[in-house]
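Engineer: with the sequence up front, the predicted model follows.
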Amino acid sequence: MQGERPRELAGPDVWETCRELIPARGVFAFLAEHRDGLFPAGMFADMYPSPNGRPSTPPQVLAVTVVLQALYGLPDHDAAQALRCDLRWKAACGLGLLDPGFHPSLLTYFRRRLACSDDPGRLFAKVSEVVAATGVLAGRRRRALDSTVLDDAVATQDTVTRLVAAVRRVIREVPGAAEAAAAVCTAHDYRDPGKPKIAWDDGQAREALVSALVNDALGLLDQLPAQPDGPAADAAGLLALVAGQDVEPAGGSDGTDGRWRIARRTAPDRVVSVTDPDARHIHKNRSRYQDGFKAHVSFEPETGLFAAVELTGGSGPGSHDAAAAVCLLAGEQEAVTVLGDAAYGTGELRAHLRDAGHAAVIKPPPLRPAVPGGFTGDDFAIDDQAGTAACPAGHTVALGRPHADGTRLAQFKALCRDCPLRQRCTTSKTGRVLSVRPQRALLAAARRDAADPAWKDEYRRWRPPVERAIAWLVARGSRRVPYRGITSNNIWLHNRAAALNLRRLTNLGLTRTTDGTWALA
């Protein structure tokens, strides 16, 4: 049952009594004055469908607490303590001076209700409605895109720890697995959550342990029947994945003799922890890597407001910056100018922006000639209608049949044999082969546009402010996500963006007029 505010407060009204102590133009004072207009009770009615049961803590109080918690980067216990002891928090939530607040577990239940509802991002959506109502974005049609890596909330696990943890999870969640493990698992006492006790400086002992753990995992999976969709199937699938992604047959073995070793390669889309299977190993560049997720933002650079945010896995479908950009821009009702670095410079995204009517001020990825200072793909004349390609020396060849991704090859091989420009074109002994991609013309036009001084001026002026948005997003310890999994952390990211937007709006003078409309002073 949805709870309502009590008619009588526990003690004096903090806002009425202590408003002189709270900064007038700030988030706390704004919420104290306008929390019911920002988060009306009916906004949460679908989260409490039953009229029966004990009334909950009023969801407006929980919503305000979640916003402040996201703004200040506090864990549940500290947020509950702040609500109990901090006058600013009490005023923002409309509590009396003697109100003890609530138990931290209620924040967990509230987030769970949000996640299970039809609109888990409703707090961000509500603040976005306020942004639209003020008209602060009217006429401001630039959107700067960027992404950053967020660290996961769990410890990084090595191969041995992952294997032990995955077997323990199967024993815990799959019916009949405990009996099967007792019969076939001999490498380790899986009642012990720690690592097996061996001489870790002994290479042969480590190899024997890896082989035994993999054989335990495979033997346990062989003993279990197929599981219906649910936690049991997820646990068995995770064990199969962990047992295969990081190991390979030992030297001279095909795996049938039970000899395994840690693989000398990295599996694509590798799971780094069985505690949080959604976390991924992410390379920000060649020398820096992190385990976690990617946060993508669309930012209005003049006002400093987040237009959209999205959290994805660190790798896999939808995690690339260009793919996430489509989701970020889906809510734009009018054409905008999209600014982004080379990570957003794919032909597919440019084609999408063109079809949607948006303008792209996106840094194009550089062309790397096969020979330093030599010819690039832009130096070849491509005739899409005739299906031909001509090289700088004037040789013309027909384009091959399209591959699955639409790429066509122009093979100049024999024509390069006596070509006087060969030293500037290719280092291949068999001659030049040019890959012609479907969006080649779009990318070539983008490179020409990027050479225009006016284009450079706009990019340099409006693209850098998005770095400020990223700095705001990861401040106060928010570089590390507080929860496990993409779903929970995506809700947290939206709540944090909502809190940052609310803070920015209050700095701009957000208020509510007597007729109930939002405006900037």
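Structural biologist: Great, that's in hand. Numbers count the residues shown, from 1 in each chain.
Engineer: going by neighbour count, list what's buried in the helix or strand bottoming out on mean pLDDT in the chain.
Structural biologist: Lowest on mean pLDDT, DSSP states H and E among the helices and strands of the chain sits strand 280-283, with a mean of 82. For strand 280-283, burial by neighbour count (16 or more other Cβ atoms under 10 Å) applies to Arg280, His281, Ile282. Where you see a C-beta, it was placed from the backbone N, CA and C, and this is true even at glycine.
Engineer: which among the residues you listed gets closest to Ala521?
Structural biologist: Nearest to Ala521 among the buried residues of strand 280-283 is Ile282, at 42.4 Å by Cβ to Cβ.
Engineer: so for the strand ranked longest in the chain, mean pLDDT?
Structural biologist: Secondary structure assigned by DSSP state E gives strand 289-300 as the longest strand of the chain. Mean pLDDT, strand 289-300: 92.
Engineer: then stretch 457-469?
Structural biologist: Here stretch 457-469 scores 95 as its mean pLDDT.
Engineer: name the residues of stretch 53-65 that are buried.
Structural biologist: Residues Ser56, Thr57, Pro58, Pro59, Gln60, Val61, Leu62, Ala63, Val64, Thr65 are the ones in stretch 53-65 that count as buried (16+ other Cβ under 10 Å).
Engineer: give me the pLDDT for the second one.
Structural biologist: Note on Thr57: pLDDT of 87.
Engineer: CSV for the buried residues of stretch 53-65, including secondary structure?
Structural biologist: CSV is the format used below for the buried residues of stretch 53-65 (DSSP: H, G, I helix; E, B strand; the rest coil):
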residue, secondary structure
Ser56, coil
Thr57, coil
Pro58, coil
Pro59, helix
Gln60, helix
Val61, helix
Leu62, helix
Ala63, helix
Val64, helix
Thr65, helix
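Engineer: from those residues, which two are the most distant?
Structural biologist: Ser56 and Val64 (14.7 Å).
Engineer: doesn't Asp216 lie inside a strand?
Structural biologist: No. Judged by three-state DSSP, Asp216 forms no part of a strand; its state is helix.
Engineer: skip the chain neighbours and tell me the closest residue to it.
Structural biologist: Distance criterion Cβ to Cβ, 6 or more residues apart in numbering; nearest residue to Asp216, sequence neighbours excluded, is Cys185 at 4.2 Å.
Engineer: what is the neighbour count of the one you found?
Structural biologist: By other Cβ atoms under 10 Å, 21 other residues sit near Cys185.
Engineer: so what's it up against?
Structural biologist: Cys185 makes contact with Val167, Asp216, Gly219, Leu220 under the criterion Cβ atoms under 8 Å, 6 or more residues apart in numbering.
Engineer: phi, psi of it?
Structural biologist: Main-chain dihedrals, Cys185, degrees, to the nearest 10: phi -100, psi 120.
Engineer: same check, this time on Ala80
Structural biologist: Torsion angles at Ala80 (phi, psi; degrees, to the nearest 10) stand at phi -60, psi -40.
Engineer: roughly how far does it sit from Tyr109?
Structural biologist: Applying Cβ to Cβ, to the nearest Å, the value for Ala80 to Tyr109 is 13 Å.
Engineer: between the two, tell me which one has more neighbours.
Structural biologist: A side-by-side neighbour count of Ala80 and Tyr109, using other Cβ under 10 Å, places Ala80 first with 22 against 13.
Engineer: Leu399 is in contact with Phe380, isn't it?
Structural biologist: No. Between Leu399 and Phe380 there is no contact under Cβ atoms under 8 Å: 11.0 Å.
Engineer: are there residues contacting both of those two? Which ones?
Structural biologist: Common neighbours of Leu399 and Phe380, counting by Cβ under 8 Å, 6+ apart, are Ala389, Ala410.
Engineer: dump the buried residues of stretch 53-65 into TSV; add distance to Asp269 as well.
Structural biologist: As requested, these are exported to TSV (distance: Cβ to Cβ, whole Å):
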residue	distance to Asp269
Ser56	40
Thr57	41
Pro58	43
Pro59	38
Gln60	41
Val61	41
Leu62	36
Ala63	36
Val64	39
Thr65	37
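Engineer: between these, which is nearest Ala393?
Structural biologist: The shortest approach to Ala393 among the buried residues of stretch 53-65 belongs to Ala63, at 68.2 Å (Cβ to Cβ).
Engineer: so what's that closest one closest to, chain neighbours aside?
Structural biologist: Nearest one to Ala63, counting by Cβ to Cβ, 6+ apart, is Phe39 at 4.6 Å.
Engineer: isn't the one you found right up against Thr65?
Structural biologist: No. Assessed by Cβ under 8 Å, Phe39 is found out of contact with Thr65, at 10.9 Å.
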